[in-house]
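Peer 1: 3D model of this:
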Amino acid sequence: MADNLLSSLPPQAFARRDEAPDQEFYRFERLVTHIDPAAVAAVTQLYRQFLPAGGAVLDLMSSWVSHLPAEVSYQRVAGLGMNARELSQNPRLTERLVQNLNEQPGLPYADGEFDGAGICVSVQYLTQPTAVFTELARVLRPGAPLVVTFSNRCFPDKAVYAWQVLDDNGHVGLVQQYFAAGGFGPTEVFAHRPKGGDPLYGVVGHTTPSFLTHKL
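Peer 2: Sure thing, here's the model as predicted:
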């Protein structure tokens, strides 16, 4: 159903104002956080709540900081992002990989390799979200969580048009469609809406038992 809804969108829905290669845009590192400290804390709390301590975690569309809770240890934190120098500055990563998901949405990991995954304030840049979320469902173990967080900020030249024409509630609904199209189960929605400062929304879903046959 959700896949049909995404398929019914016009072709330009997942186009961007700047269609130059993403590698050019992300060539220079940006060692800043794109949301304020309270919003960062909201991301960290969701990770604390859903990503299993001691597990293998995939930080997709990663950068120089992963916002993982400092007091929690993980057996593995794999970071896949667009800038090698940013990834090299991230102390939580145990491995690093540069890959443009808009050109190559396939993930270079085995079936059922991770206990959880997160995408932080980057989902708005995906031009092939169904393919990426389907891959996430494949590389996560059955029942594993995916935590997707976002705010109302973006690089407007690189965010897809579908994202830019929607409000915050529309963003939540769009991301929920990504989860459904990728084969995840029902999602939960979390909202941090301060009177001042950046809002932060989280959509959390888990892989479904239907992926068991692919992962055993």
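Peer 1: ok, Arg16 - contacts?
Peer 2: Neighbouring residues of Arg16 by Cβ atoms under 8 Å, 6 or more residues apart in numbering: 127, 157-161. All C-beta spots, glycine's among them, are computed from the backbone N, C-alpha and C.
Peer 1: for this structure, which segments count as strands?
Peer 2: 56-62, 76-81, 95-98, 116-120, 145-150, 188-192, 200-206 (DSSP state E).
Peer 1: which of the ones you listed sits closest to Val139?
Peer 2: Val139 lies closest to strand 56-62 among those, at 6.7 Å (Cβ to Cβ).
Peer 1: now the angle from the closest one to strand 145-150?
Peer 2: Orientation check (axes from the mean of the first three to the mean of the last three Cα atoms, to 10 degrees): strand 56-62 against strand 145-150 gives 20 degrees.
Peer 1: quick revisit: ok, which of the strands of the chain comes nearest Ala20?
Peer 2: Closest of these to Ala20 is strand 95-98, at 17.5 Å (criterion: Cβ to Cβ).
Peer 1: that closest one pairs with which strands?
Peer 2: Note on strand 95-98: by DSSP bridges, its sheet partners are strand 76-81 (parallel).
Peer 1: quick one: find the helix or strand in this protein with the lowest mean pLDDT.
Peer 2: Ranked by mean pLDDT, DSSP states H and E, the weakest helix or strand in the chain is helix 212-215, scoring a mean of 42.
Peer 1: where in the chain is pLDDT low?
Peer 2: Within the chain, the ranges that satisfy pLDDT under 70 run 1-4, 25-34, 155, 210-216.
Peer 1: fine, thanks again, bye for now.
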